[in-house]
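I need the structure of the sequence given here:
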Amino acid sequence: MAEKGHFVVYSADEKRYVLPLEYLKNEIVMELFKLAEDEFGLPSNGHLILPCDAACMEYVIGLIKRKASKDVEKALIMSVASDRCLSSSYLYQQETSQQLPMRSF
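All right, here's what the predicted structure looks like:
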């Protein structure tokens with residue numbers, strides 16, 4: 001159960017994230033929800049699993065916290081949609097090419 005004003009999601013590798021409800025307005029999060037429904041269907045056990053690993057989720061959360069530009073958000077959405085956001089090595093490659101720091105929270 002999440003505290004008031006938050007929701008819970010899980011990464012594909014089963015890491016639990018408690019996120020503020022305001023993240024539901026973010027384009028990246030909305031796209032992750034759409035992809036999760038396409039890939040996993042609607043959750044029957046109450047757990048919402050997003051189609052990316054923990055490294056990807058932490059990168060997404062970092063971008064949201066830093067209020068990344070719309071161009072960066074769109075690039076990440078395209079990466080997630082094409083299944084390239086599932087590995088840490090891809091994120092590192094993107095980080096070094098765009099000079100966006102990856103942080104763990």
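
skip ahead from the helix ranked longest in the chain and say which helix or strand is next.
In the chain, taking DSSP state H as the definition, the longest helix is helix 27-40. Proceeding N to C from helix 27-40, the next assigned helix or strand is helix 54-65, under DSSP states H and E.

what angle do that next one and helix 27-40 make?
Interaxial angle of helix 54-65 relative to helix 27-40 (axes from the mean of the first three to the mean of the last three CA atoms, to 10 degrees): 150 degrees.

which of the residues in helix 54-65 are buried?
54-64 (16 or more other CB atoms under 10 Å). Where C-beta positions appear, they are placed from N, C-alpha and C, glycine not excepted.

looking at those, spot the one nearest V8.
The nearest member of the buried residues of helix 54-65 to V8, counting by CB to CB, is M57 at 12.2 Å.

for V29, see how far away the closest one is.
As judged by CB to CB, to the nearest Å, M57 and V29 stand 10 Å apart.

possible to save the buried residues of helix 54-65 as a markdown table with distance to F33 and pLDDT?
Converted to a markdown table, these look like this (distance: CB to CB, whole Å; pLDDT from 0 to 100):
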| residue | distance to F33 | pLDDT |
| --- | --- | --- |
| A54 | 17 | 92 |
| A55 | 19 | 92 |
| C56 | 14 | 87 |
| M57 | 13 | 90 |
| E58 | 18 | 93 |
| Y59 | 17 | 89 |
| V60 | 12 | 89 |
| I61 | 15 | 92 |
| G62 | 19 | 91 |
| L63 | 16 | 89 |
| I64 | 14 | 90 |
